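Participant: Mind looking at a prediction? Sequence and model below.
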Amino acid sequence: MTADRERRSSLPLRAVSREAARRRRRVESDVLSDLSLLLPLHPSVRAHLDKPSVIRLTLSYIRIHTLLAGAQMETSQTVKYRQPVEERPHLERRAQDGGRNEEGKELEELVAVEETEMYMRMMEGFLMVVSADGDMIFLSDNVSKHMGLTQTELMGHNIYEFTHPCDHEEMRNNLRLSADVGWRGAERNFVIRMKSAMAHRGRTVNLKSATWKVLHCQGRVKVCVAPSSVSCLLLTCRPLPLSHTLLSTHTFTSQHSMDMKFTHCDRSVTALLGYSPEELLGRSIYDLCHTQDMNCLTKMHVNLCLKSQSVSGQYRMLVRGGGYVWVESHSAVIPSVRPSRSNPSSAQQPLCILCVTYVLSGVEEPSLLLSLDQTVHRYAR
């Protein structure tokens, strides 16, 4: 009897507890629904967001808003202290006149949006803002075109979750931000591998079946000293293609062994550098590189051996007869496609290195000889 009485007395308490939990869930759902409406996303995208995604995107937009507010404050202070005193009243009057013309403001905003969309279409990659902790607080919406993953799927996540484990140390080195670096501070130029859900012919696959895509990342450090501000890395990320189709008259292709010795070069190198393809066979590309740019070429070579693709950045290549030209090389390791019967694992071995070199300038210092390889008699038979 006592047990039955206790069971009956506990029933109202359980009902009250269930009702209180139901009320808390309802309030939580209402708050998250209101929060999702504040996100600058298309209604069709907001409709498919779960609760963790709403919280993750909200935190990302708060951080990017703080970053933009800090940048705007720095810009206004720079204008304030660098502008001559006699020009400040003129600027104030112009600001007052501009405030009266709301239609002009709307037109300027529309033009700015159209320009941004045009720039994103022209870019060969996407924009990414990474915090000092590695959180991707913003990505441009065209990231899905290159990586097969949408903006909302990536924002708020840590970049280490999507980058190759062997590239984590390089990513940490680039994210080491110091307070002595300002808005126009240290530049960043590196190559990493990132998960891509983009399959052949533009189709997307599940994230579990994602492959690695090599990205060339360039940008600058933004360090905010104020506690409320966000220190971050502003990057443009461009996938490195395996094939190069946009070749021009200022471009030549070459094949190399794994130690960067020429095994083949097309005829256009003669018009650009003065060497014939036969003269370059068996010689190293390091022999044609300016001594002060060896580190640039070595970095590309290391990335090639580790990540199978790389881009050199601008460096100087010596011209036959004297002088040099500025070039940039895009390279990829071409694997062997036909394994031998005696060694089935040979399919994983590299066949050669394919380089596409873009000549960016004319011949500079044409009377200056920097190496014996530039002399005509060097190749005399």
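Facilitator: Okay, I see it.
Participant: Show me what counts as buried in the longest helix belonging to the chain.
Facilitator: If you go by DSSP state H, the chain has its longest helix at helix 2-38. Within helix 2-38, the residues scored as buried using 16 or more other CB atoms under 10 Å are L32, S36. Bear in mind the C-beta positions are built from the backbone N, C-alpha and C, glycine included.
Participant: Begin at 854, not 1, for the rest of this chat.
Facilitator: From this message on, residue numbering opens at 854, which makes the last subject helix 855-891.
Participant: packing partners for it?
Facilitator: Contacting helix 855-891 under the criterion 3 or more CB pairs under 8 Å, 6 or more residues apart in numbering; DSSP states H and E are the following elements: helix 904-935.
Participant: Averaged pLDDT, the helix it packs on. What do you get?
Facilitator: Across helix 904-935, pLDDT averages out at 68.
Participant: how about M1113, what does it touch?
Facilitator: Listed by CB atoms under 8 Å, 6 or more residues apart in numbering, the contact partners of M1113 are S1137, I1138, Y1139, L1150, H1154, I1206.
Participant: can you give me the strands in this protein?
Facilitator: Under the criterion DSSP state E, strands of the chain are mapped to 979-984, 989-992, 1040-1049, 1064-1075, 1085-1092, 1104-1109, 1115-1118, 1162-1171, 1177-1188, 1203-1212.
Participant: Domains in this protein, by residue range?
Facilitator: Per the record, the chain has its domains at 855-891, 898-1092, 1104-1232, by automatic domain parsing.
Participant: pLDDT weak spots in this protein?
Facilitator: 854-864, 923-976, 1030-1038, 1053-1058, 1076-1083, 1094-1101, 1189-1201, 1229-1234 (pLDDT under 70).
Participant: ok, E1040 - how many residues close by?
Facilitator: Neighbour count of E1040, defined by other CB atoms under 10 Å: 10.
Participant: L891 versus the nearest residue to it once chain neighbours are set aside, what's the distance?
Facilitator: Distances taken as CB to CB, 6 or more residues apart in numbering put R1073 closest to E1040, at 5.7 Å, once the chain neighbours are dropped. In this view, R1073 and L891 are 30 Å apart by CB to CB, to the nearest Å.
Participant: rewinding a little: report how many residues lie close to the residue nearest to E1040.
Facilitator: So R1073, with other CB under 10 Å, has 16 neighbours.
Participant: Specify the beta-bridge partners of it.
Facilitator: Beta-bridge partners for R1073, by DSSP bridges, are E1040, L1087.
Participant: before we move on, the earlier item: mind checking the strands of the chain for the one nearest to V880?
Facilitator: strand 989-992 (28.2 Å; CB to CB).
Participant: Please export the C-alpha coordinates of that closest one as CSV.
Facilitator: Provided in CSV are the C-alpha atoms of strand 989-992 (Å, rounded to 0.1, in the frame of the first residue of the first chain):
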residue,chain,number,x,y,z
MET,A,989,37.0,29.6,-40.4
ILE,A,990,34.9,32.6,-39.5
PHE,A,991,34.1,33.5,-43.1
LEU,A,992,34.2,31.9,-46.6
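Participant: elements contacting that strand?
Facilitator: Strand 989-992 packs on helix 904-935, strand 979-984, helix 1004-1007, going by 3+ CB pairs under 8 Å, 6+ apart.
Participant: can you do 10 Å?
Facilitator: Judged by 3 or more CB pairs under 10 Å, 6 or more residues apart in numbering; DSSP states H and E, the packing partners of strand 989-992 are helix 904-935, strand 979-984, helix 1004-1007, strand 1085-1092.
Participant: TSV please, covering those and showing mean neighbour count.
Facilitator: As requested, those are exported to TSV (neighbours: other CB atoms under 10 Å):
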stretch	mean neighbour count
helix 904-935	14
strand 979-984	22
helix 1004-1007	20
strand 1085-1092	21
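Participant: I'd like those written out as a markdown table, with distance to S870 added.
Facilitator: Listed next are those as a markdown table, based on distance: least, CB to CB, whole Å:
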| stretch | distance to S870 |
| --- | --- |
| helix 904-935 | 22 |
| strand 979-984 | 41 |
| helix 1004-1007 | 36 |
| strand 1085-1092 | 45 |
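Participant: Out of the ones you listed, the one nearest M1051 is which?
Facilitator: Nearest to M1051, of those and by CB to CB, is strand 1085-1092 at 8.9 Å.
Participant: quick check: angle from the closest one to strand 979-984?
Facilitator: 150 degrees (axes from the mean of the first three to the mean of the last three CA atoms, to 10 degrees).
Participant: what sits against M1051?
Facilitator: S997, K998, H999, M1000, G1001, L1002, T1057, V1058, A1063, T1064, K1066, P1092 (CB atoms under 10 Å, 6 or more residues apart in numbering).
Participant: Could you report the separation of the closest residue to the third one other than its chain neighbours from G1072?
Facilitator: Across the structure, with CB to CB, 6+ apart as the measure, the residue nearest H999 apart from its sequence neighbours is P1092 (5.3 Å). Computed with CB to CB, the distance linking P1092 and G1072 is 16 Å.
Participant: give me every residue that touches the nearest residue to V1044 once chain neighbours are set aside.
Facilitator: Of all residues not flanking V1044 in the chain, N1156 sits nearest, at 4.8 Å (CB to CB, 6+ apart). By CB under 10 Å, 6+ apart, the contact set of N1156 is E1023, F1043, V1044, I1045, V1067, H1069, L1093, Q1162, S1163, V1164, S1165, S1184.
Participant: swap in V1172?
Facilitator: V1172 touches 1125-1128, 1141, 1178, 1212, 1215-1219, 1221, 1223, 1227, counting by CB under 10 Å, 6+ apart.
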